[in-house]
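Novice: Got a sequence here, can you model it:
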Amino acid sequence: MPSRFEVSDELWAEIEPLIPVRVRRRRHPGRKAIDDRLVLNGILHVLHTGIAWTDLPREYGYGSGVTCWRRLRDWQQAGVWEALYQKLLVKLNAAGVIDWSRASVDGSHVRALFGGLHTGPSPVDRGRNGSKHHLLVDAGGIPLAVSLTGGNRNDVTQLIPLLEDLHARPVAGKVGRPRQKPDVVLADRGYDHDKHRRLVRARGITPVIARRGVAHGSGLGRQRWVVERGFAHLHNFRRLRIRYERRPEIHEAFLSLACAILCFRRLPSF
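Specialist: Now for the predicted structure:
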């Protein structure tokens, strides 16, 4: 009985070349490992439904939750999810889908039930332990960069790291120099700091940031609503609505995989 969250042939064709080949031991090789595609189906099932690893249905043939968790961890350490994310961004850029004229940035709080690194008391959730997702999207809502911090971190602290992350992995796909930055970055009042405006300008980007104490009605929301929609799409993956993982790299693996899937869905061929 198949699950409706199984990886498509088209997406698997993008992922398979990135997965490192596992070498079996010659002596005492043990039980044959479960096929990578089946394990990926199990990972996607957890990502979409938000269920615990131990509740992964065995009748689907994905193997145990422990096997899927270990493969997710190993592929994260090998850089598979980040490589997939970058690969799909390049394809989108080659197809002319990414709009570099402006980008929008924002943060969103998620509760962290079991603590761990990159968690902290959230000022918007009565001091409960939580984390924050920070997202940078293009003018059409395509995720360009994402990061994870503690729930007590101010949104503005991640403005420059997100831009630096994008700068560190230029997006090729077209003739000429790969893109490393948008022309304009839009942000709400939470980013209203002149120091960060100067840092953004120093990178050749025009900051358009709402100012505190100024009446609403500037029209900025008509352009930056795409980042709110981006969070809605990101948190459609139920595993990202609440952070269950104590180890931040596991949650970051889910974040990168979810962003890659969102990019894949925007490909013209898809």
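Novice: is it true that L135 lies in a strand?
Specialist: Yes - assessed by DSSP: H, G, I helix; E, B strand; the rest coil, L135 belongs to a strand.
Novice: For it, name its beta-bridge partners.
Specialist: D106, V146 (DSSP bridges).
Novice: Could you tell me how many residues sit around it?
Specialist: Here the count is done by other CB atoms under 10 Å, and L135 has 25 residues near it. For the C-beta atoms, the positions are set from N, CA and C on the backbone; glycine is no exception.
Novice: Look at the nearest residue to V200 once chain neighbours are set aside and say how many residues are nearby.
Specialist: In space, and not counting its chain neighbours, V200 is closest to P207: 4.2 Å by CB to CB, 6 or more residues apart in numbering. Applying other CB under 10 Å, we find 19 residues neighbouring P207.
Novice: now swap in the one 5 residues further on and tell me
Specialist: One way to gauge burial is a neighbour count; for R212, by other CB under 10 Å, it gives 8.
Novice: Verify the stated contact: it with R189.
Specialist: Yes - using CB atoms under 8 Å, R212 is in contact with R189, at 5.1 Å.
Novice: need the contact list for W69.
Specialist: W69 makes contact with W53, I250, according to CB atoms under 8 Å, 6 or more residues apart in numbering.
Novice: which element is it on?
Specialist: helix 65-77 (DSSP states H and E).
Novice: Next, the buried residues of that helix.
Specialist: Residues of helix 65-77 classed as buried: G65, T67, C68, W69, R71, L72, W75, Q76 (neighbour count, 16 or more other CB atoms under 10 Å).
Novice: on contacts alone, who are the packing partners of the worst-scoring helix or strand of the chain on mean pLDDT?
Specialist: The weakest-scoring helix or strand in the chain, judged by mean pLDDT, DSSP states H and E, is strand 120-121 (a mean of 88). In terms of contacts (3 or more CB pairs under 8 Å, 6 or more residues apart in numbering; DSSP states H and E), strand 120-121 is packed against strand 129-138.
Novice: Report the mean per-residue pLDDT for the strand it packs on.
Specialist: What strand 129-138 shows for mean pLDDT is 95.
Novice: now do stretch 227-234
Specialist: Stretch 227-234 comes out at a mean pLDDT of 95.
Novice: Same check on stretch 102-112?
Specialist: 94.
Novice: Put the alpha carbons of it into CSV.
Specialist: Provided in CSV are the C-alpha atoms of stretch 102-112 (Å, rounded to 0.1, in the frame of the first residue of the first chain):
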residue,chain,number,x,y,z
ARG,A,102,13.6,42.3,-4.8
ALA,A,103,13.7,39.8,-1.8
SER,A,104,11.7,39.7,1.4
VAL,A,105,12.9,38.5,4.8
ASP,A,106,11.1,37.6,8.0
GLY,A,107,11.2,35.2,11.0
SER,A,108,8.6,32.8,12.4
HIS,A,109,8.5,31.1,15.8
VAL,A,110,8.0,27.4,16.3
ARG,A,111,7.8,25.7,19.7
ALA,A,112,10.7,23.4,20.6
